[in-house]
Structure formats: structure tokens, C-alpha cells
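>>> A predicted structure for the sequence below; I have some questions about it.
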Amino acid sequence: MKKIFFFFLIIFFFNACAVKNQNNLSQSIAIIINSPFLKMSDFGFLIKENQTLNLEVYHLGQAFFNLKIKDKICLNAACYDKKVFNKKFFKNEYYDDILSDILNAKPLWQGKNLQKTASGFKQNLKAKNYEIFYVVSKNKISFFDTVSRIKIILGYQG
């Protein structure tokens with residue numbers, strides 16, 4: 001009996017001392033990106049860990065696209081300042097964290113023109129260099145900029 005108690009005590013001790021990351025979330029997603037810079041339609045994972053976002057997309061079971069957002073945006077190991085990446089990817093400077101806000105399903109431009117819907121929200125944003133339609137619902141994020149011809153659609157699985 002003492003051996004069993006001692007065994008469970010050791011298991012409890014090692015389990016309590018193990019380092020656990022509670023700020024880690026991984027979601028499988030279907031992704032469509034259509035821009036002058038990049039075109040893809042596939043499945044992958046969106047991994048949120050502390051202050052880092054990592055979008056991994058697979059084709060035929062092989063990782064071929066890795067986008068990592070922290071203080072810079074890295075695309076397949078090539079890192080860019082956020083403004084430079086936005087100019088290259090979106091053909092527009094926007095604001096630094098627009099891609100992070102899209103991937104996190106957050107309102108753009110601090111909620112400007114936000115309209116709540118039954119399952120989320122939508123925004124219609126217009127300026128001289130963009131016309132954006134952005135919709136966030138329970139299982140889907142849609143971003144369209146008709147001026148820059150950018151389309152991003154994320155569908156959450158399961």
C-alpha cells in the first residue's frame with residue numbers, strides 16, 4: 001500500500017512541476033487567399049501562442065506555407081517589417097496589425113463602422129485607397145478589399 005501511495009505521490013509531484021503553456025491554442029482551418037502576391041486554397045493550422053501567431057498551410061500533406069506574426073511578419077523564413085509586408089501582400093500600407101487582427105477575428109481600425117450580427121460582426125470600410133468588406137461569424141472570417149483585389153477567407157473546422 002505504501003508503494004502505491006509513494007508511486008502516485010511521485011506522479012503528482014512530476015506532473016505539478018511540469019511546465020505547462022496555458023496560452024497555446026491550435027485550430028484547423030480551411031484558408032483561401034487571393035491577392036496579386038499570393039494565391040492559395042488549402043487546409044492548415046492557426047496556432048496562437050502567447051504573443052505569436054503562426055499560420056501553417058499544407059498541400060498534399062506537406063507544409064508549404066508558414067506565416068509567423070510577432071514583432072515582424074515572417075513568410076517561409078523571410079521576415080519583413082509589418083508595414084513592408086502589408087505593402088507587398090495587401091498592395092496597401094493599412095496599419096501594422098491588420099493581418100493579426102484578421103487572423104484573430106478582431107475588429108479592424110479599432111471597430112470603425114462596426115455592425116453587430118447574430119453570429120459576430122461586419123465592417124464596411126472605405127477610403128481613397130481601399131474598400132473593405134469584413135465579416136466575422138462563429139465559423140468563418142471573410143476579408144475583401146475590392147480596390148486592392150485581396151480576398152482572405154478562413155473557415156474554422158470542427
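Noted; the coordinates are in hand.
>>> tell me the centre residue of this structure?
Residue closest to the average C-alpha location in the chain (Cα atoms, centre = their mean): residue 103, at 2.9 Å.
>>> List the residues that contact the residue nearest to that one when sequence neighbours are not counted.
With sequence-adjacent residues excluded and distances taken as Cβ to Cβ, 6 or more residues apart in numbering, residue 103 is closest to residue 53, at 5.4 Å. For every residue, glycine as well, the C-beta is placed using N, CA and C. Neighbouring residues of residue 53 by Cβ atoms under 8 Å, 6 or more residues apart in numbering: 46, 47, 67, 68, 69, 70, 100, 103, 104.
>>> ok, the helix or strand where residue 66 lies: who's next to it in the sheet?
Secondary structure from DSSP states H and E places residue 66 in strand 62-69. Here strand 62-69 is paired, per DSSP bridges, with strand 52-59 (antiparallel), strand 73-75 (antiparallel).
>>> right, and the ones you listed - which one's nearest residue 85?
Residue 85 sits nearest to strand 73-75 of all the strands paired with strand 62-69, at 4.2 Å, using Cβ to Cβ.
>>> Contacts for that closest one, please.
Applying Cβ under 8 Å, 6+ apart, the contact partners of strand 73-75 are 65, 66, 67, 68, 79, 80, 81, 82, 85, 99.
>>> same thing with stretch 103-121?
Applying Cβ under 8 Å, 6+ apart, the external contacts of stretch 103-121 come out as 46, 48, 53, 55, 69, 95, 98, 100-102, 122-125, 132, 134-138, 141, 154.
>>> Where does pLDDT dip in the protein?
1-23, 158 (pLDDT under 70).
>>> Where do the helices of this protein begin and end?
Using DSSP state H, the helices of the chain run over 2-17, 82-90, 98-103.
>>> quick one on the thing from earlier: and the strands paired with strand 62-69: which comes nearest residue 145?
strand 73-75 (17.4 Å).
>>> chain center to the closest one: distance?
The chain centre lies 12 Å from the centre of strand 73-75; the measure is Cα atoms, centre = their mean, to the nearest Å.
>>> which parts of it are buried?
Neighbour counts over strand 73-75 (16 or more other Cβ atoms under 10 Å) mark 73, 75 as buried.
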